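# sequence and predicted structure are below.
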Amino acid sequence: MIAPKIWLQKYVNLSGISDKQFADKMTFAGNKVEAIHKTKGETVFEFEITSNRPDTLSIIGLAREAAAIFNKNLKLPKIPVIKKLN
């Protein structure tokens, strides 16, 4: 799975954490970072998601894992409330 760092940072503050440190700790926790790509000045992580970790099959899932690993707050998106129609 490809995960741009800028997308992850919408949900967890990764400032002060180098790309290598992020990749090493995520890999150690069971979310293997296979490669780190730089494209147009942006960092993109390539994760190998195993079948026993379906919770990390989304950007928010990976951000949740990173928040736990680095002891950071997770910022979840606001979900709009839809009023029930009669």
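Received the coordinates, thanks.
# what about the strands in this structure?
2-4, 33-39, 42-47 (DSSP state E).
# what's the closest of those strands to residue 15?
With respect to residue 15, and counting by Cβ to Cβ, the nearest of the strands of the chain is strand 42-47 at 12.8 Å. Just so you know, the C-beta spots here come from the backbone N, C-alpha and C atoms, and that holds for glycine as well.
# starting at the chain centroid, how far to the closest one?
10 Å (Cα atoms, centre = their mean, to the nearest Å).
# cool, and stretch 67-84?
Taking the mean of its C-alpha atoms, stretch 67-84 sits 13 Å from the chain's own mean (Cα atoms, centre = their mean).
# what's the mean pLDDT across that stretch?
Along stretch 67-84, the predicted local confidence has a mean pLDDT of 92.
# can you give me the buried ones in that stretch?
Neighbour-count burial for stretch 67-84, counted by 16 or more other Cβ atoms under 10 Å, picks out 67, 69, 70, 72.
# can you get me the start-to-end distance on it?
Taking Cα to Cα, to the nearest Å, stretch 67-84 runs 34 Å from one end to the other.
# re the thing from before, turn the strands of the chain into JSON lines, including distance to residue 27, mean neighbour count and mean pLDDT.
What follows is those, written out as JSON lines (distance: least, Cβ to Cβ, whole Å; neighbours: other Cβ atoms under 10 Å; pLDDT from 0 to 100):
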{"stretch": "strand 2-4", "distance to residue 27": "13", "mean neighbour count": "16", "mean pLDDT": "95"}
{"stretch": "strand 33-39", "distance to residue 27": "5", "mean neighbour count": "12", "mean pLDDT": "95"}
{"stretch": "strand 42-47", "distance to residue 27": "9", "mean neighbour count": "17", "mean pLDDT": "96"}
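# dump these to CSV, plus distance to residue 53.
As requested, the strands of the chain are arranged in CSV below (distance: least, Cβ to Cβ, whole Å):
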stretch, distance to residue 53
strand 2-4, 13
strand 33-39, 13
strand 42-47, 9
